[in-house]
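Enquirer: Quick one: sequence and predicted model below, then my questions.
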Amino acid sequence: MKNSQKIAAGVLAAVVVTSAAAALPALRGEKTAVDLVAAAADDAITITNGTTVPDTIEKGKGVAIQGVVSSENSNLSSVTVGIYDSSRKLVTGKSALPKAKSYDISKLDSYVSFDQLAPGTYTYMVFATNETNTNYVLANKGFTVTASGSSTANTTDTMSISNGTSLPSNLTKGKFVTVKGTVTSANSKITSLTAGVYDKDGKLVTGKTVNPNAKTYNVNKLDNDIAFDKLADGAYTYKVIATNAANTDYVVTSQEFTVGAATTNADPVQPAQPAATQDAITITNGTEVPDNLKKGRAVLVKGTVTSANSNLTSLTVGIYDTTGKLVTGKTAIPNAKTYDVSKLDNYIEFDKLQDGTYAYMVFASNDVNKNYVMVNKAFTVGQGGQVASDAIAVANGTEVPSSIAKGKCVTVKGTVASANSNLTSLTAGVYDAEGKLVTGKTVTPNAKTYNLKNLDNDIAFNKLTPGAYTYKIIATNAANADYVLVNQSFNVSDGTDVLTISNGTTIPDTIKKGTPVSVKGVVSSASSNITSVTVGVYDSEKKLVTGKSAAPNAKSYNIAKLDNFIEFNKLTDGTYSYMVFASNGGNSNYVIVNKTFTVGNAGNNNSNVSNGITNKDVTLTGGTNIPETIGRGKALTVKGTVTSDNTIKALTVAVYDANNKLVLSKSVAPNAKSYDLKNIDKYIEFNRLGTGKYTYRVAVTTTAYKDTTADRQVFNVK
């Protein structure tokens, strides 16, 4: 094994957005947008004769972009030059896809507009990607833009804002925006502070001035005084202006935005725009997000994005809050005319969302369209869309299967309850793909509770023809109007395009804690292609604990390809369900396997390292214990003894990346009943791994069993 490498500053752990006015999305599980780690020394990225940005620039003054970015060995796959505001939102910039070992960034000069910046604090950044390094930071320079001929921030008594409001470039008319951020003065007290919205003539439209007489001030205190929801259509600027002993009327933040009439395609990234018809971007078979989502519930991200003529240069899938801030999401750079968004499913964490209102968005760029919005679906989590003091809820309600056969009955049940006022209206029914009520009934309970069983005879599931439907419960009380309590999508199948599995995994009723189980089986579709397959383990609350989805687009799929992603050995004591479900032309999320099992502590086997784990006739003792997170460049020792009752014909130690791509491996043919893994330690160089998520696996084939998992551990490199 190589020794641990010295860690130096370098990689931006964030996703590249290729056009101006787009938010810089955060990676899954990322605490900050920028994470500086080492660049691989054997394929270094450097910049020469780069732009020198001064600490202070007067408004309207330009700065020439220059410098040559070079990659030592592999081609540069992307280079980004941009200016980011204090909330790390891209204000102006551009990405290039050189596909060469060097790139002159002066070619991007016309896209980086220093002269268009409003007064405020910014960061100039250059970062690049090659085969070894992802978004490696070459320049990261903070600077301030000051008002022309007026206040320049005193360098020893500066004022700044942290965690400030980040406005979308276009705001839907009537939409609320929460004002937030803390203004800080370095030495003296802030004597005056104004936060507000100004029209195009510079007139304060809504806002307030206060006299803090303190070194810090939380502008959230002025939230009720800035009525974004009352603004008429037009162009505006949101400003925070402060004065201390050294600076008078210093503009701490200045963000331009427009207010337009509400549309169905509102975009927190940039104003919605039609796709150019000669190079349109479209999405098919996309994710259907319900209007209301139960807290902790996962949603499968899927769909195929297609560009008519040119390649897709960027594609973003994400969930945004009411201020337009990305909560969870990921950007890809397809460089192809089509892209399967299910590849980004692991980065869109619906199940981690807190109560509130959100928007699920899919937008993409090609040569003609920039950040074209294909999906913009608003939804709430928990009671986010209700007045909490008079919330409406449903208990013990009907769970409609994702796919039911034509003619099948479903029993309607559950109790709807209102916290304080009477339920004035309640609708239970099934809606078709166009939102039309097909079967159901509306009642006026005029009581705080209502038993849905009363409507069972009015909702004829057995009369539905094959197709896609949604089962909904909608209720109204004194505080909440037409609140969607239940929104379950399902398909009615004609039974001719069945989905089946052969030679599938047999899950025992009880599994010893720490024991891995190999996932296998071939899922087949009778007529149409399989559009998605999901294999996973769910807890007693139906929350996905470990699993993976694939988009085969074929009539059969071997789920053994997903084996590395189903971590039975990491399950804690409890009750679980192993599920396999798939979709094809006739069925949506049809459940093929649903096996309940328990994980217990039998034999006091709490560790797959010290006590050994057993799978079929294979046992591993004293195996490598990989921490959940290891530092980039850190070396680990491969160890442990694999034994079997039968002769071990083949043994492989391997490391796979997040896309299940093999990155490190070594195979041997012991032809013995035991093997010491330290013999192949030198071949598994953990210290060469880049940042990301990985799976470590020990696979064994004996004379009795093929490809048995002796050990599987998931870890992250940061």
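Expert: Noted; the coordinates are in hand. Remember, predicted model here, so these are calculated numbers, not experimental data. Numbering: from 1, shown residues only.

Enquirer: in the stretch 201-350 of the chain, which spans are strands?
Expert: Per DSSP state E, counting those that start in this stretch, the stretch 201-350 of the chain has strands spanning 204-210, 216-218, 234-243, 250-260, 281-284, 292-293, 304-307, 314-320, 326-332, 338-340. These are given in chain order.

Enquirer: scratch that, the stretch 601-718 of the chain is what I was asking about
Expert: If you assign secondary structure with DSSP E, counting those that start in this stretch, the strands in the stretch 601-718 of the chain sit at 613-615, 618-621, 629-630, 641-657, 662-668, 672-676, 692-702, 708-717.

Enquirer: Please tabulate the ones you listed in CSV and include mean neighbour count as additional columns.
Expert: Every residue, glycine included, has its C-beta placed from N, CA and C. Output for those, formatted as CSV (neighbours: other C-beta atoms under 10 Å):
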stretch, mean neighbour count
strand 613-615, 21
strand 618-621, 21
strand 629-630, 16
strand 641-657, 19
strand 662-668, 15
strand 672-676, 15
strand 692-702, 21
strand 708-717, 22
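
Enquirer: and of these, who's closest to residue 122?
Expert: strand 692-702 (29.6 Å; C-beta to C-beta).

Enquirer: okay, and for this structure, where does confidence drop off?
Expert: Applying pLDDT under 70 to the chain flags residues 1-42, 87, 148-156, 261-278, 322-324, 383-389, 601-617.

Enquirer: Single out the most deeply packed of the strands of the stretch 201-350 of the chain.
Expert: strand 314-320 (a mean of 25; mean count of other C-beta atoms under 10 Å).

Enquirer: now the angle from that one to strand 326-332?
Expert: Calculated by axes from the mean of the first three to the mean of the last three C-alpha atoms, to 10 degrees, strand 314-320 forms an angle of 170 degrees with strand 326-332.

Enquirer: Break the chain into its domains for me.
Expert: The record's domain parsing of the chain by automatic domain parsing lists 41-146, 159-260, 277-381, 388-493, 499-604, 613-717.

Enquirer: Show me what residue 336 bridges to in the sheet.
Expert: According to DSSP bridges, residue 312 are recorded as the beta-bridge partners of residue 336.

Enquirer: Also residue 473?
Expert: residue 428, residue 486.

Enquirer: That one: how many residues sit nearby?
Expert: Applying the criterion other C-beta atoms under 10 Å, we find 26 residues in the vicinity of residue 473.

Enquirer: same question, residue 574
Expert: One way to gauge burial is a neighbour count; for residue 574, by other C-beta under 10 Å, it gives 12.

Enquirer: Could you do the one 10 residues further on as well?
Expert: As a burial measure, the neighbour count of residue 584 was computed by other C-beta under 10 Å and equals 25.

Enquirer: quick revisit: include distance to residue 68 when you put the strands of the stretch 201-350 of the chain into TSV, please.
Expert: What follows is those, written out as TSV (distance: least, C-beta to C-beta, whole Å):
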stretch	distance to residue 68
strand 204-210	46
strand 216-218	43
strand 234-243	37
strand 250-260	33
strand 281-284	33
strand 292-293	48
strand 304-307	31
strand 314-320	24
strand 326-332	26
strand 338-340	31
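
Enquirer: Nearest to residue 508 among those would be which one?
Expert: Comparing the strands of the stretch 201-350 of the chain by their distance to residue 508 (C-beta to C-beta), the top pick is strand 292-293, with 33.3 Å.

Enquirer: Tell me the strands beside the closest one, with direction?
Expert: Strand 292-293 pairs in its sheet with strand 372-381 (parallel), by DSSP bridges.

Enquirer: CA atoms only: put the partner strand into PDB for me.
Expert: Listed in PDB are the C-alpha atoms of strand 372-381, where the atom choice follows Å, rounded to 0.1, in the frame of the first residue of the first chain:
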ATOM      1  CA  TYR A 372     -35.000  25.500 -20.500                       C
ATOM      2  CA  VAL A 373     -37.500  24.400 -17.900                       C
ATOM      3  CA  MET A 374     -39.300  21.200 -18.700                       C
ATOM      4  CA  VAL A 375     -40.700  20.300 -15.300                       C
ATOM      5  CA  ASN A 376     -41.700  22.700 -12.500                       C
ATOM      6  CA  LYS A 377     -44.000  21.000 -10.100                       C
ATOM      7  CA  ALA A 378     -45.000  22.600  -6.800                       C
ATOM      8  CA  PHE A 379     -45.700  20.200  -3.900                       C
ATOM      9  CA  THR A 380     -45.900  20.200  -0.100                       C
ATOM     10  CA  VAL A 381     -44.300  17.900   2.500                       C
END
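
Enquirer: tell me which residues in it are buried?
Expert: 372, 373, 374, 375, 376, 377, 378, 379, 380, 381 (16 or more other C-beta atoms under 10 Å).

Enquirer: ranges for the strands of the stretch 351-500 of the chain?
Expert: For the stretch 351-500 of the chain, the strands identified by DSSP E, counting those that start in this stretch occupy 356-365, 372-381, 392-395, 403-405, 415-418, 425-432, 437-443, 449-451, 467-476, 483-493, 499-502, in order along the chain.

Enquirer: can you put those strands in CSV and add distance to residue 689?
Expert: Compiled in CSV, the strands of the stretch 351-500 of the chain are given as follows (distance: least, C-beta to C-beta, whole Å):
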stretch, distance to residue 689
strand 356-365, 30
strand 372-381, 34
strand 392-395, 47
strand 403-405, 41
strand 415-418, 52
strand 425-432, 49
strand 437-443, 53
strand 449-451, 57
strand 467-476, 43
strand 483-493, 40
strand 499-502, 34
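
Enquirer: And the closest residue in space to residue 463 that isn't next to it in sequence, how far from residue 469?
Expert: Spatially, and ignoring its direct neighbours in sequence, residue 463 is nearest to residue 439 (6.5 Å; C-beta to C-beta, 6 or more residues apart in numbering). Separation of residue 439 from residue 469 (C-beta to C-beta, to the nearest Å): 9 Å.

Enquirer: Same question for residue 287.
Expert: On the measure of C-beta to C-beta, residue 287 and residue 469 end up 17 Å apart.
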